[in-house]
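Undergrad: could you look at this predicted model? Sequence included:
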Amino acid sequence: MSSGGKGKSDPAIVAESYRRYGGELQRFLVGLLRDAHLASDVLQATFAKLVEQGREVQEESRRAWLYRVAYREAMLVRRRQAVDDAARQRAAWSREAAGESAESLLLQAETVEQVRRAIEELPAEQRRVVRMRIYEDKTFTVIAEELGIPLGTALGRMRAALKKLRARLERER
């Protein structure tokens, strides 16, 4: 099932899995998320995980594995949205109480969106570490264990991600 890489799936198996299950997973995700674009993003993340971790997945259980991963990824997206929405709402209330203008509220919302877009453009390995650390509040030790990488690698990926985010956001200012 593997092409011999470190846990990576054979591209032909990933392509076949996408052909067989991609459509039904997309419909499942649209039903969960009520947003076709988000569902497409989650579907992409699901198959990226199949590429990276799918070597151990047996053919008989691949469909169930894909659904579990898709569901978890969708729940991460929903939690992230809820956290972002709550943060925007709290910021709006506190700014309104402080008498700040609608312009500054819009600027804050734009900044949150810029950060989210910048995170989404990170390489998958870095993005995964950032999400686990920031959105899931996991320690680097837990992140390293869950991803099966050395602690230093997890820290290095976070450091590289933050450097890229900082550079990207400074360019946009």
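TA: Arrived safely, thanks for sending.

Undergrad: what's the pLDDT at Ser94?
TA: Ser94 is assigned 67 on the pLDDT scale.

Undergrad: same thing with Glu136?
TA: Confidence score, pLDDT, at Glu136: 84.

Undergrad: surely it and Arg80 touch.
TA: No: judged on Cβ atoms under 8 Å, Glu136 makes no contact with Arg80 at a distance of 9.5 Å. In short, each C-beta sits where N, CA and C put it, glycine included.

Undergrad: more crowded one of those two?
TA: Taking other Cβ atoms under 10 Å, Glu136 and Arg80 do not tie; Arg80 has more neighbours (16 against 13).

Undergrad: ok, Arg62 touching Ser17?
TA: Yes: assessed by Cβ under 8 Å, Arg62 is found in contact with Ser17 at 5.9 Å.

Undergrad: anything in contact with each of these two?
TA: Shared contacts of Arg62 and Ser17 (Cβ atoms under 8 Å, 6 or more residues apart in numbering): Leu50, Gly54.

Undergrad: the two: which is more packed in?
TA: Legend: neighbour count by other Cβ under 10 Å for Arg62 and Ser17, higher for Ser17 (23 against 19).

Undergrad: dump the residue contacts of the more buried one.
TA: Counting by Cβ under 8 Å, 6+ apart, Ser17 makes contact with Phe47, Leu50, Gly54, Arg62, Leu66.

Undergrad: can we see that at 7 Å?
TA: Leu50, Arg62, Leu66 (Cβ atoms under 7 Å, 6 or more residues apart in numbering).

Undergrad: list the buried residues for the helix or strand hosting Arg88?
TA: Applying DSSP states H and E as the criterion places Arg88 in helix 62-98. Within helix 62-98, the residues that count as buried by 16 or more other Cβ atoms under 10 Å are 62, 65-67, 69-71, 73-74, 76-77, 80, 84, 91.

Undergrad: now stretch 149-158
TA: Thr153, Ala154, Arg157, Met158.

Undergrad: hmm, the second one is touching Val142, no?
TA: No: with contacts defined as Cβ atoms under 7 Å, Ala154 does not count as touching Val142, sitting 9.2 Å away.

Undergrad: could you say what helices and strands the helix holding Arg88 packs with?
TA: helix 11-33, helix 36-53, helix 102-120 (3 or more Cβ pairs under 7 Å, 6 or more residues apart in numbering; DSSP states H and E).

Undergrad: just want the angle from the longest one to helix 36-53.
TA: So the one you mean is helix 11-33. Put simply, helix 11-33 runs at 140 degrees to helix 36-53, going by axes from the mean of the first three to the mean of the last three Cα atoms, to 10 degrees.

Undergrad: out of the buried residues of helix 62-98, which is nearest to Asp35?
TA: Nearest to Asp35 among the buried residues of helix 62-98, counting by Cβ to Cβ, is Val77 at 8.9 Å.
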